[in-house]
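> Could you look at this predicted model? Sequence included:
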Number of protein chains: 2
Amino acid sequence: MQGLGFVGSVMSLVCANAVKGDYAVIGVDLPNKRGRKLINDLNNGIFPLVTEDQKIGQFYNKTIKKGNFLATYFEQAYSYADVIIVDINLDVEKENHNSGELTDYNVDLSSFKKAIASIGKNCKEDALILIETTVPPGTCKEVVKPIIYDCLNKRGFSINKIKIGHSYERVMPGPGYIDSIQNYYRVYSGIDAKSADAVESFLHTIIHTDEYPLTRLESTNATETAKVLENSYRAMNIAFMVEWSRFAEEAGVNLYDVVDAIRFRSTHANLMYPGIGVGGYCLSKDALLASWARQNLIGNNEPLAQSETAISINDQMPRFAFEFLQKQYSDLTNTKILLLGVSYRGDVGDTRYSPVEKLYNYLNDLGCIISCHDPHIKYWEEQALDIEQDLMTHLNSTPDVIIISTGHKLYKSKKTIDTLLALHPIFIYDTIGLLSNNQINMLISKHTVKVLGRGDL
Amino acid sequence: MQGLGFVGSVMSLVCANAVKGDYAVIGVDLPNKRGRKLINDLNNGIFPLVTEDQKIGQFYNKTIKKGNFLATYFEQAYSYADVIIVDINLDVEKENHNSGELTDYNVDLSSFKKAIASIGKNCKEDALILIETTVPPGTCKEVVKPIIYDCLNKRGFSINKIKIGHSYERVMPGPGYIDSIQNYYRVYSGIDAKSADAVESFLHTIIHTDEYPLTRLESTNATETAKVLENSYRAMNIAFMVEWSRFAEEAGVNLYDVVDAIRFRSTHANLMYPGIGVGGYCLSKDALLASWARQNLIGNNEPLAQSETAISINDQMPRFAFEFLQKQYSDLTNTKILLLGVSYRGDVGDTRYSPVEKLYNYLNDLGCIISCHDPHIKYWEEQALDIEQDLMTHLNSTPDVIIISTGHKLYKSKKTIDTLLALHPIFIYDTIGLLSNNQINMLISKHTVKVLGRGDL
């Protein structure tokens, strides 16, 4: 396993607890600070991710008992492997205006190429190299294959036995972390038929493919496209709702109710709700990988304009959320603000690219006095902030404005609402439509309540 | 019933055959050429729509037997009605560059206002006026209500008893025409509580609401927004796939297979296939109604940029389909081309805003010799063309290029494929991915086959 981050560490557990057969898993990461900590933790019985998925602990304990998983930074590990899975990051360097607008971006493949070369220099002649990293379409064929072939040639090996495949993960951090690998549909391909066959055989051993059948596509270009397309689709559907949120606010309409009414149609069931923004590692960048690929690997200089625009619009969502608050609450300077939730997703402890970070910065720049709560985050790395874990302490600290910024269930619990009702009149701002209409009606009897994407309050 | 077109005529049948109680229906249309023909036909036992839905004939015959439906152009008819349903057109005047790009558009409400006034001048003081026409959000409140109130005032009536509501239809021409009204979800609202209640009571009598529950929204602005939002959503999802179709063609990918692979995810089940373009009365304009409303009824000068862009991109789809053919087939001048299908939708006989019309024009401008087939269209009104109905005659007339332009089942029948296989080698171009992979593999043994959104052939 190359890469022991949010995907690789969990994928390692899934392989070490294969549904068919037995694997010994060696996890490899870089000998830098982050990599060494991951490796040390994993070798010392500490799983590096905090997660709500109980299966992770169970799988990890079984692995320790079986003794079939170790972590290392020695690249020689690849020489022992029959299957080498690539789960390293491939970041997009984005440049955003302070408004959030995307002004430029770049994809730097140099680290990725180095990682692939480290495999090529060590792997068995007949290994299966399975790329799971989200890559610009064309990468397996135009980047991975030449590097591996070149390494094998230099080592005096044949290039006829190696197998290179692509199968992207659909990992979803949260309570279904393991299931999002073991019990979910997979798409796969290979650079040739024997590679695709090898990927297929392998996937049957780690995924419940009887219930979640595999789909083979005809080329690595096709599966690479599928991955970035499905995330671009999601990003674009979110971006689409951004302008309708503004429209609803202006037209005095409750957009959440409108969306619920439309979702009765099965063809429209994926219509998104309004919200504070897009976070996480994938949706905020995958469309750019495709657009970059078009210009750099496929040879059409035109960008994928709509998909890029979607990313840029989504990057502006925290600003829209901020501006809505400004419009509703005259002067925010020196206001005491309580942010409920800093994670990018409800009931998940993950702050990577969280839109709350940008909202925090806008408020901070304005001189607001901000405190933050999140039941899943004790230390907010991106803002270098310790987070007081007791919600009641926060609620009773006399904030002027409470912003619901993440959809954690806790914030709509009866206890939370009751506590809110006992506070002196304040301003409550729901940026994600977490509160039900009933809860809003209760709260509005005492407090000012505003909801992003609702003009009717 | 005000308006006897594609919606009003069928809605009349649904009301005349209510699921609860009995209605006598009077259909009203304008005393112009089109209106008089509709009225004469309906009064003489001829239903004005050709359709695949057998229920239409059954409902119409029952109506004739019961004698509870007559058509007229006398506006005094409104004076007899307890419920007046508005199903007239509200067109957007679009200006498109020859490339298809949307350059300007306008919404002219004058005919609509006149129609509403004709109701206000004649209706009972306590009638329910139910708007079903797709209108710019804000119309019921800012346009309909003032006109009706003004008329009632002038007639010396109270304005306290009239009920004005909005409930948009989701009519789908084709084999499920009636069911798309009688057996489908409805959203409704009123300008006040008594209006909303009246709409609700009425809808229970014409729709199977036990199986397809109604959704009440809080204002006419909300339901008007819901209608244009759901069609904008669809238009935008189509537009999104346009640039990915070009990407797939360049990357040598079969986008249909990619879409099928992604659709396994329930969150992505509405991902669209590539295609020749968007037709029909709604998807090609509804987003513009919203954008116009924002600027003219709601008071924000900014357009709904993404939604407008979606319309403009979709309007360019026939050109993209044409350009793909040009790229694949060197010189089209004087080529004999057979277009299979002129309807805008598979297995439906409806040429309103069909994208095939634009493709036809591009080919025609280039000097191609075009013949057209469509099993559901005998006379193509927009092109003033009689259409030979026998497919075999067309196929055996030695075309150079056959373009599958509408997804009629007939075109992928065994008989059609067998006939194609018996022809001398030709160029077959599938613009909608109608042919299966198996059929393509068969055809490709003899013919050149190209598919829009596929770069792998």
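Nice, I can see it. Numbers count the residues shown, from 1 in each chain, chains lettered A, B, ... in the order given.
> residues in the stretch 351-457 of chain A within reach of chain B, list them.
Taking Cβ under 8 Å from any Cβ of the partner chain, the part of the stretch 351-457 of chain A that reaches chain B is made up of residue A:456. For glycine as for every other residue, the C-beta is placed from the backbone atoms N, C-alpha and C.
> For the stretch 351-457 of chain A, which residue gets nearest to chain B?
For the stretch 351-457 of chain A and chain B, the shortest gap (Cβ to the nearest Cβ) falls at residue A:456, measuring 6.4 Å.
> which SS state does that residue fall under?
The three-state label given to residue A:456 by DSSP: H, G, I helix; E, B strand; the rest coil is coil.
> pretty sure it contacts residue A:255?
No. In this structure, residue A:456 is not within contact of residue A:255 by Cβ atoms under 8 Å, at 9.4 Å.
> show me the contacts for residue A:457.
A:254, A:440, A:444, A:449-451 (Cβ atoms under 8 Å, 6 or more residues apart in numbering or on different chains).
> switch the cut-off to 10 Å
Shown in contact with residue A:457 (Cβ atoms under 10 Å, 6 or more residues apart in numbering or on different chains): A:249, A:252, A:254, A:328, A:430, A:440, A:444, A:448-451.
> Also residue A:91?
Counted by Cβ under 10 Å, 6+ apart, residue A:91 has contacts A:106-108, A:111-112, A:281, A:285, A:289.
> do the same with residue A:269
Residue A:269 neighbours (Cβ under 10 Å, 6+ apart): A:262-263, B:266-267, B:269-270.
> Make a markdown table out of those and add secondary structure, distance to residue B:386 and pLDDT.
Below are the contacts of residue A:269 laid out as a markdown table (DSSP: H, G, I helix; E, B strand; the rest coil; distance: Cβ to Cβ, whole Å; pLDDT from 0 to 100):
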| residue | secondary structure | distance to residue B:386 | pLDDT |
| --- | --- | --- | --- |
| A:262 | helix | 41 | 96 |
| A:263 | coil | 44 | 95 |
| B:266 | helix | 46 | 90 |
| B:267 | helix | 47 | 91 |
| B:269 | coil | 41 | 91 |
| B:270 | coil | 38 | 91 |
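> from those, which would you call buried?
Listed as buried from these are A:262-263, B:270; burial here means 16 or more other Cβ atoms under 10 Å in any protein chain shown.
> The residue nearest to residue A:138 when sequence neighbours are not counted: how many residues sit nearby?
Nearest non-adjacent residue to residue A:138, counting by Cβ to Cβ, 6 or more residues apart in numbering or on different chains: residue A:297, 3.4 Å away. Neighbourhood size, residue A:297 [other Cβ atoms under 10 Å in any protein chain shown]: 20.
> Is residue A:297 part of a helix or strand, or is it coil?
The three-state assignment at residue A:297 reads helix, by three-state DSSP.
> Touching, it and residue A:291? I think so.
No. The pair residue A:297 / residue A:291 is not scored as a contact, 11.1 Å apart, by Cβ atoms under 10 Å.
> Residues that sit against both of the two, list them.
Residues touching both residue A:297 and residue A:291 (Cβ under 10 Å, 6+ apart): A:107, A:136.
> now the contacts of residue A:269 as JSON lines including distance to residue B:141?
Below are the contacts of residue A:269 laid out as JSON lines (distance: Cβ to Cβ, whole Å):
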{"residue": "A:262", "distance to residue B:141": "21"}
{"residue": "A:263", "distance to residue B:141": "25"}
{"residue": "B:266", "distance to residue B:141": "37"}
{"residue": "B:267", "distance to residue B:141": "35"}
{"residue": "B:269", "distance to residue B:141": "36"}
{"residue": "B:270", "distance to residue B:141": "31"}
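> can you pull the buried residues of stretch A:377-390?
Within stretch A:377-390, the residues scored as buried using 16+ other Cβ under 10 Å are A:377, A:380, A:383, A:387.
> Quick check: which element contains residue A:229?
Taking DSSP states H and E as the criterion, residue A:229 maps to helix A:220-251.
> oh, I was asking about residue A:104
Residue A:104 belongs to strand A:102-107 when assigned by DSSP H and E.
> Packing partners of the helix or strand following that strand?
Once strand A:102-107 ends, the next helix or strand along the chain (criterion: DSSP H and E) is helix A:110-120. The contact analysis (3 or more Cβ pairs under 10 Å, 6 or more residues apart in numbering or on different chains; DSSP states H and E) places helix A:110-120 against strand A:25-28, strand A:83-86, strand A:128-131, helix A:139, helix A:145-154.
> Ok, which of those comes nearest residue A:121?
Closest to residue A:121 of the helices and strands packed on helix A:110-120 is helix A:145-154 (Cβ to Cβ; 5.3 Å).
> hang on, the earlier thing: which of the contacts of residue A:91 has the weakest pLDDT?
When the contacts of residue A:91 are compared on pLDDT, residue A:281 comes out least confident, at 85.
> is it true that that residue touches residue A:351?
No. Residue A:281 is beyond contact range of residue A:351, at 11.2 Å (criterion: Cβ under 10 Å).
> and the two? which has more neighbours close in?
Using other Cβ under 10 Å as the criterion, residue A:281 and residue A:351 rank with residue A:351 on top: 23 against 19.
> Distance check, that one against residue A:38.
18 Å (Cβ to Cβ, to the nearest Å).
> before we move on, back to that, between residue A:456 and residue A:255, which is the more surrounded one?
Per other Cβ under 10 Å, whichever of residue A:456 and residue A:255 has more neighbours is residue A:255, with 28 against 16.
> how far away is the more buried one from chain B?
Distance, residue A:255 to chain B, by Cβ to the nearest Cβ, to the nearest Å: 8 Å.
> Brilliant, that's me finished.
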